[in-house]
Each structure stands twice: as C-alpha cells, then as structure tokens.
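**Q** just a sequence and a predicted model for now, questions to come.
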Amino acid sequence: MHFKTLRFEQPESGVGLITLNRPEQLNAINLDMLDDLHNLFYRLSTDDKVRVLVITGEGRGFCSGADLKDPRIRQDAGIMFSSAAAHLVHIQKRYADRIVELRRLPQPVISAVQGPAAGGGFCLALASDVVIATPRATFIASFANIGLSGGELGTSYFLPRAVGKVRASEILLTGRTVGAQEAERIGIVSKLVGESDLMNAVMETAHMMLEKSPLGLRLTKETLNQNLDAPSLEAAVELENRNQSICCFTPEFFKAVERFAGKK
C-alpha cells in the first residue's frame, strides 16, 4: 500500500511501525495524511499479524498538529469554511475521526516522541497506550493559543484521565508547553529515555508485549478502554470475569500452567 505522507514498515514479526513523513513541516497533519492514516488504520484493524503498533515522526519533530497551510484546504476554503456546519463535516470530523480510529485499533499503540507534539500531534500521543519520549519532547495543547477551544480531538477526554482534572485544566486553559520531564512526572509520558535509546526502548516494550498471548494482549487493551468509563466496579469486574474465563480455555494458558507446575 502506497502512502503520500507516511511510511509503514514491519521491522520484525508482529511489530508495525508508522513514521509520519513530512519532516520539513514537523510532520504536520494535512488532508493527505488524514487519508493515509484512515486507509492504514482500516487495514490494521483486521491485521492479526501486526500485534503491536509504533508511531513516530521523521526528523526532529513528532507531529506539529494540523497543517494550516495545506494547499487542499486553501483550494477548497470556500466550501470548507462556508459555514460552521461545512467546517464540521469537511474538516473537524475528519481530524477527530482519525483519533477515534486509532483508539479503536486492537493493537496496543506505542508513541515514540522525539520532539514537539503539538495540537493534533499531542492528541496522537494521548490516544496511544504507551508513550516513550526523549528529553527533547514537548507537549502543547496549542488550540487555545490560536483562538480555539482548548478541548479538541479527545484532549478533554484523555488528558484529565492521564493527569487529573486540575492539571489538565491548567494545561488546556493556558496552552503552555509541557516539557519532557514534567510530562513523565505527571503521567503523560510512560518512560523518558536518551535520544539514541528511543527506538531500542520502544522495541524492548514491544517485545515484552509480544511475549503475551495474542488474545490476552488484545483483551487487555479492550478492558482498559471499556473500563475507563465503567459505570461501576461491578460492571468492570464482570468484563474482567468474561475475559479471564475465555482466556482460561486457550492453549497459551494451559502451557503456562504446565510450565508453572513444572517449576514447582
């Protein structure tokens, strides 16, 4: 499959690597990238061979958000910006839908952030399951800085769950830059590593995931997604109970029990 704005590779069995590839624009998301991501996410949603997905950016930036200079947007500005309704359909939902599609992927997603993650780039990182970053990484909810609402593309959903309401409010209302060390301390970043160690750390985490059973890995992500909004403890436990009973009848579980019994 050919892509205009990104690369997709499988550096080793079970691992998919997405590289946003517009380095001159700090990997800003234009309409072509939205199309590429949609097509790739659709393909990955039914690809059992890719069990862990990594997202990173080419060059010195992870992703600087929406490309406000996109020629396709300027060319069709008369339609896309003719009314709030037209903007909602042609621009807003197209960007937001990529975040929803990313979150719905069955594979655990690791974001490898080596530089600025601003606007929509920040949202890509927040929608990931694991974020590994270098000291050069920065995170900016830049929407309020250009006259927009601070809540966009899921930030008002993901950020309070990651850092708490008070911290999320301050970050979204001010639009300030969150540095790498602060991001790790407050829970935006899972792990901070040296620049030369980034992909090694990412692959080490991916390998640990690949050691798990395919069904167990998938159901763990599904459980985390659904139980973020569980209406009660009882509802959360019921989903966990279902998943564990299903997994107890897989070959991987029986082999694990036999290994454990052998050690005893």
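**A** Perfect, thanks for sending it. Numbers count the residues shown, from 1 in each chain.
**Q** what helices or strands is the helix or strand that contains N243 leaning on?
**A** Assessed by DSSP states H and E, N243 sits inside helix 233-247. Packing partners of helix 233-247 (3 or more C-beta pairs under 8 Å, 6 or more residues apart in numbering; DSSP states H and E): helix 214-227. Where you see a C-beta, it was placed from the backbone N, CA and C, and this is true even at glycine.
**Q** list the contacts for K221?
**A** 106-108, 129 (C-beta atoms under 8 Å, 6 or more residues apart in numbering).
**Q** report pLDDT for it.
**A** pLDDT for K221: 94.
**Q** likewise for the one 5 residues further on?
**A** Per-residue confidence for Q226 comes out at a pLDDT of 91.
**Q** what is the burial count for the closest residue to it other than its chain neighbours?
**A** Distance criterion C-beta to C-beta, 6 or more residues apart in numbering; nearest residue to Q226, sequence neighbours excluded, is L239 at 6.0 Å. Close neighbours of L239, defined as other C-beta atoms under 10 Å, add up to 15.
**Q** hang on, isn't L239 packed against N227?
**A** Yes - using C-beta atoms under 8 Å, L239 makes contact with N227 at a distance of 6.4 Å.
**Q** that older thread, now the helix holding N243: mean pLDDT?
**A** On average, helix 233-247 scores 90.
**Q** again, but for stretch 157-176
**A** 95.
**Q** show me how far that stretch is from its chain's centre.
**A** Remark: stretch 157-176 is offset 17 Å from the chain centroid, using C-alpha atoms, centre = their mean, to the nearest Å.
**Q** in that stretch, what's buried?
**A** Buried residues in stretch 157-176, counted by 16 or more other C-beta atoms under 10 Å: 157-160, 162-163, 167-168, 171-172, 175.
**Q** again with stretch 52-59
**A** Neighbour count says stretch 52-59 has 52-59 buried, by 16+ other C-beta under 10 Å.
**Q** can you check stretch 175-185 too?
**A** Buried positions in stretch 175-185, judged by neighbour count with 16+ other C-beta under 10 Å: 175, 178, 180, 182-184.
**Q** residue boundaries of the helices in the stretch 151-264 of the chain?
**A** 155-163, 165-174, 180-186, 198-210, 214-227, 233-247, 251-263 (DSSP state H, counting those that start in this stretch).
**Q** now that we have those, can you turn them into TSV and tack on distance to H87?
**A** Compiled in TSV, those are given as follows (distance: least, C-beta to C-beta, whole Å):
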stretch	distance to H87
helix 155-163	19
helix 165-174	21
helix 180-186	31
helix 198-210	36
helix 214-227	29
helix 233-247	37
helix 251-263	48
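**Q** show me the one of those helices that comes nearest I73.
**A** helix 155-163 (21.4 Å; C-beta to C-beta).
**Q** distance between that closest one and the chain's centre?
**A** 13 Å.
**Q** quick one: it to helix 165-174, angle?
**A** 140 degrees (axes from the mean of the first three to the mean of the last three C-alpha atoms, to 10 degrees).
**Q** flag the shaky bits of this protein, pLDDT-wise.
**A** Counting by pLDDT under 70, the chain has low-confidence residues at 76-80, 263-264.
**Q** got the domain ranges for it?
**A** As given by automatic domain parsing, the domain ranges for the chain are 6-210, 214-263.
**Q** out of those, indicate the one that is most buried.
**A** Highest mean neighbour count among these (mean count of other C-beta atoms under 10 Å): domain 6-210, with a mean of 18.
**Q** spatially central residue in this structure, please.
**A** In the chain, the residue lying closest to the centroid (C-alpha atoms, centre = their mean) is S128, at 2.6 Å.
**Q** list the contacts for that residue?
**A** So S128 contacts 55, 102, 109-111 (C-beta under 8 Å, 6+ apart).
**Q** helices - which of those land there?
**A** L102 (DSSP state H).
**Q** looking at the contacts of S128, which is nearest A137?
**A** S111 (9.7 Å).
**Q** in a strand, that's where Q10 is, yeah?
**A** Yes - the assignment for Q10 by DSSP: H, G, I helix; E, B strand; the rest coil puts it in a strand.
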